[in-house]
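Chemist: all I have is the shape, not the residue letters:
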């Protein structure tokens, strides 16, 4: 059965735009069809200091993969694009590590998997911090303003209006 899934791509190492484009190609080939993609956004690092900003993009995809199989395929794509993954402190979908946040060639986060709530040792959906991050909400609002967060029962647009993140984020394409 096909599921609608929202992902967030991020990169701040190497050719950031190409990293996002290559991630999209890998997703399209190995995970499922991309239904919508946001503009690319540039944002300052969140949760750590770095001189290179991130490029971010939100996608809506359609996949027949289970949430767990989707995560495994995402990790495979990230690895193929040069991502070195450390042990996760709060689940692989979160993007953080035991040493904190860090720079990366590519990061692919699962934001929503249909309207399902998944909370295991290895996976948390919806993404546990998406409502706190302007760099996530702005591109997501561009493609899914009316999508309802299954835990907070608010639309993406409502979450964006209530977001207190003051990080610098701007659309670049």
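Modeler: Received, thanks. Note that the structure is a prediction, hence the values are computed from the model and not measured.

Chemist: all helices for this protein, in order.
Modeler: Applying DSSP state H to the chain gives helices spanning 16-30, 67-80, 134-143, 156-162.

Chemist: per-residue confidence at residue 44?
Modeler: According to the prediction, residue 44 has pLDDT 87.

Chemist: residue contacts, it?
Modeler: When contacts are counted by CB atoms under 8 Å, 6 or more residues apart in numbering, residue 44 touches 53, 54, 167, 168, 169. Heads up, the C-betas are built off the backbone N, CA and C, glycines and all.

Chemist: what's the closest of those residues to residue 120?
Modeler: Nearest to residue 120 among the contacts of residue 44: residue 54, at 27.1 Å, using CB to CB.

Chemist: was I right to think that closest one contacts residue 10?
Modeler: Yes: Residue 54 lies in contact with residue 10 (CB atoms under 8 Å); the separation is 5.0 Å.

Chemist: now do the shared contacts for those two.
Modeler: Shared contacts of residue 54 and residue 10, counting by CB under 8 Å, 6+ apart, come down to residue 135.

Chemist: distance of residue 6 from residue 18?
Modeler: Using CB to CB, to the nearest Å, residue 6 is found at 22 Å from residue 18.

Chemist: more crowded one of these two?
Modeler: A count of neighbours by other CB atoms under 10 Å puts residue 6 above the other of residue 6 and residue 18, at 27 against 13.

Chemist: what's the burial count for residue 139?
Modeler: Other residues close to residue 139 by other CB under 10 Å number 26.

Chemist: cool, residue 68 as well?
Modeler: That count, for residue 68 with other CB under 10 Å as the rule, works out to 12.

Chemist: do you know how far the residue nearest to residue 108 when sequence neighbours are not counted is from residue 160?
Modeler: Computed as CB to CB, 6 or more residues apart in numbering, the closest residue to residue 108 that is not its neighbour in sequence is residue 74, at 4.7 Å. Residue 74 is 24 Å from residue 160, where distance means CB to CB.
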